[in-house]
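J.: okay, predicted coordinates and the sequence, questions at the end:
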Amino acid sequence: MKIEIDLLSCKDFGECVQTAPNLFALDENGKQSLRSNSSGNKVNFEAAEEFRGVAEEAAIVCPMQALTILD
Ligand code: SF4
């Protein structure tokens, strides 16, 4: 499973972290932790299939609709 975060839309609210702490984190500055890994507007990462349920839930609760499950 691949998860994409639209870093332009994401406002670092952290709902995804509360819903799926195995997949998402905020850094020490309270920012989506994958921001520092990306120079572009979007970043994606591979996640284990067993987390698909919580990933889908995180995509639903994200107030900015910044999360997409790509496959
Ligand atoms: S819930 Fe959405 S807006 Fe909030 S940190 Fe996660 S991806 Fe960003």
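T.: Received, thanks. None of the values given here were measured: they were computed from a predicted structure. Numbering: from 1, shown residues only.
J.: the helix or strand of the chain with the lowest mean pLDDT pairs with which strands?
T.: Taking mean pLDDT, DSSP states H and E as the measure, the chain has strand 42-46 as its least confident helix or strand, at a mean of 95. Strands adjacent to strand 42-46 in the sheet, as given by DSSP bridges, are strand 2-6 (antiparallel).
J.: buried sites along the helix ranked longest in the chain?
T.: If you go by DSSP state H, the chain has its longest helix at helix 52-61. For helix 52-61, the neighbour count (16 or more other C-beta atoms under 10 Å) marks 54-55, 58-59 as buried. Just so you know, the C-beta spots here come from the backbone N, C-alpha and C atoms, and that holds for glycine as well.
J.: next SSE downstream of it?
T.: strand 67-69 (DSSP states H and E).
J.: and that following strand, what's buried?
T.: residue 67.
J.: try stretch 40-53
T.: Applying 16+ other C-beta under 10 Å to stretch 40-53 flags 43, 47 as buried.
J.: and it, anywhere near the ligand?
T.: No: Stretch 40-53 is not in contact with the ligand by C-beta under 6 Å from any ligand atom; minimum separation 10.5 Å.
J.: who's in contact with residue 35?
T.: Applying C-beta atoms under 8 Å, 6 or more residues apart in numbering, we find residue 35 in contact with 7, 27, 43.
J.: actually residue 47, not the one I typed
T.: By C-beta under 8 Å, 6+ apart, the contact set of residue 47 is 1-3, 23, 55.
J.: the same query, at a cut-off of 10 Å, please.
T.: 1-3, 20, 22-24, 54-55, 69 (C-beta atoms under 10 Å, 6 or more residues apart in numbering).
J.: that one and residue 62: what is the separation?
T.: 15 Å (C-beta to C-beta, to the nearest Å).
J.: likewise residue 18?
T.: Using C-beta to C-beta, one gets 11 Å for the distance from residue 18 to residue 62.
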